[in-house]
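>>> Fold the following, please.
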Amino acid sequence: MTATRPAVTHVYQNHTLDSTRWDHFSPRDDDIVIATPYKSGTTWMQIIVMHLIFGDLQVRPIWEVSPWLERRWGDALADLLKTVGAQQHRRFFKTHLPLDGLPYFEQVKYIVVGRDPRDVFMSLWNFYASFDDGLYDVINSGWTGKPFPRCPGDIHDFWQRWNSEGWFEWEHEGYPFWSNMRHVQTWWQFKHLPNILFVHFNDLLSNLEEEIQRIAKFLDIPLTPSFCAQVADMVTFKRVKEHAEQLGPPQDFFYKGTNGRWHDVLTDADLELYHAAVVRELSPGCADWLENGRHSTGHGRPL
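The predicted model follows:
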C-alpha cells in the first residue's frame, strides 16, 4: 500500500550527512525547504528564493541566510539552531536529504529541484576532481566510519561506481556521496501534496522568468513583472558567477551551468549502465521529468 504522508524510515549518517540534526528543528508556518540532489541547481534556487523573500536585488552570503542543516561538518548544531532561531526574515533552508530521511511538516513549503542525472554527473565530476587535501581532511574530520575516498583518476571509473553502488545499504547509486536518482524518486511519489513544488534545471535555463513566477506564486509572494525581470537578470549564470565571492561559495563552485556535456564523454557502455539504473531506481514519470523537464516534452506535471 502506498503511503499517503511522508515518513522518516532511514537515518542518513556518513562523512557529510547527519539527518538526525533535523530532529532538533522547530518549523515556522512559513518556512521553506529547498530539497535537491547535489549539483542540481541548489544554490541557484537559494539565490532566486533569497531575492523573492527579501524583495530586493541585494546579494547576501547565501550559506549564512539559507543554512544546510544536516551537514555534519561545519557549524555546530547548537550554534546553527541559535542562528536560525534568531532569523527575523522568512526562513529558507537547503537540504540534500531524500524525503524518507527528512521530517515532513504540512506547514512548510518544499521546492524540489531536479536535473538530468547525466548532467548532474558531469558537474559532480568537475566538483569532486577539484577537492584538495584540506577539504578531504575537513570532510573526514570527526567521522569514525569509512572515510570519504579520493576522486578516481578516470571519469569512467567514477561513472561506473556512481551508477551501480550506494553509500548506504538501501541505496544502489550515488557512491561515494549519496543517492541521486533514488533521492528524487522519494520526493516524486509525493508530488501530489500541495506544499511540494517541482522545478527542473532545464526549465530554469529555458524559461527563467516563467519559473520565477511559478516559484513566487507557490510561496505566496507578490511579484510584479518588472521585478520578476530584474530577478531573472540577477540570477543568470553570468551574473551569479560575477557575485560568487559575495554569495559565499568557492569560486569554482559555479562551473559552466550548461547541459549536454556528457555527450562527448560517456560511451555506449556507460549509457547502458545509466539506463539500467534508471529502470531500477525511477518510475517512468519521474525518469521522463528528470531527463526532459516540464517544458521539454509536456509530460512533466505542470505544478
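
>>> The helix or strand hosting Val278 packs against which elements?
Under the criterion of DSSP states H and E, Val278 resides in helix 268-281. Helix 268-281 is packed against helix 117-129, helix 155-164, helix 181-188, with contacts defined by 3 or more Cβ pairs under 8 Å, 6 or more residues apart in numbering; DSSP states H and E. From N, CA and C alone the C-beta is placed, and that goes for glycine too.

>>> Mind doing that once more with 7 Å?
helix 155-164, helix 181-188 (3 or more Cβ pairs under 7 Å, 6 or more residues apart in numbering; DSSP states H and E).

>>> Can you say which of the ones you listed is nearest to Ala76?
helix 181-188 (26.1 Å; Cβ to Cβ).

>>> Now do that closest one against helix 155-164, angle only.
Counting by axes from the mean of the first three to the mean of the last three Cα atoms, to 10 degrees, helix 181-188 lies at 40 degrees to helix 155-164.

>>> I'd say Leu102 and Asp23 touch.
No - here Leu102 lies out of contact with Asp23, judged by Cβ atoms under 7 Å, at a distance of 10.6 Å.

>>> Settle it for me: which of those two has more neighbours?
Leu102 (24 against 11; other Cβ atoms under 10 Å).

>>> shaky segments in this protein?
The chain contains residues with pLDDT under 70 at 1-3, 243, 245-259, 295-303.

>>> Provide the contact partners of the helix holding Val278 at residue level.
Under the contact criterion Cβ atoms under 7 Å, 6 or more residues apart in numbering, helix 268-281 has outside partners 118, 156, 159-160, 163-164, 172-173, 181-182, 185, 287.

>>> 8 Å instead, please
With contacts defined as Cβ atoms under 8 Å, 6 or more residues apart in numbering, helix 268-281 is touched by 117-118, 156, 159-160, 163-164, 172-173, 179, 181-182, 185, 266, 287.

>>> ditto for stretch 63-75
12-19, 21-22, 25, 34, 46, 49-50, 80, 83-84, 87, 89, 92-97, 138-139, 141-143, 247-249.

>>> Drop anything exposed from the residues you listed.
Among these, those classed as buried by 16 or more other Cβ atoms under 10 Å are 12-19, 21-22, 25, 34, 46, 49-50, 80, 84, 92-97, 139, 143, 247-248.
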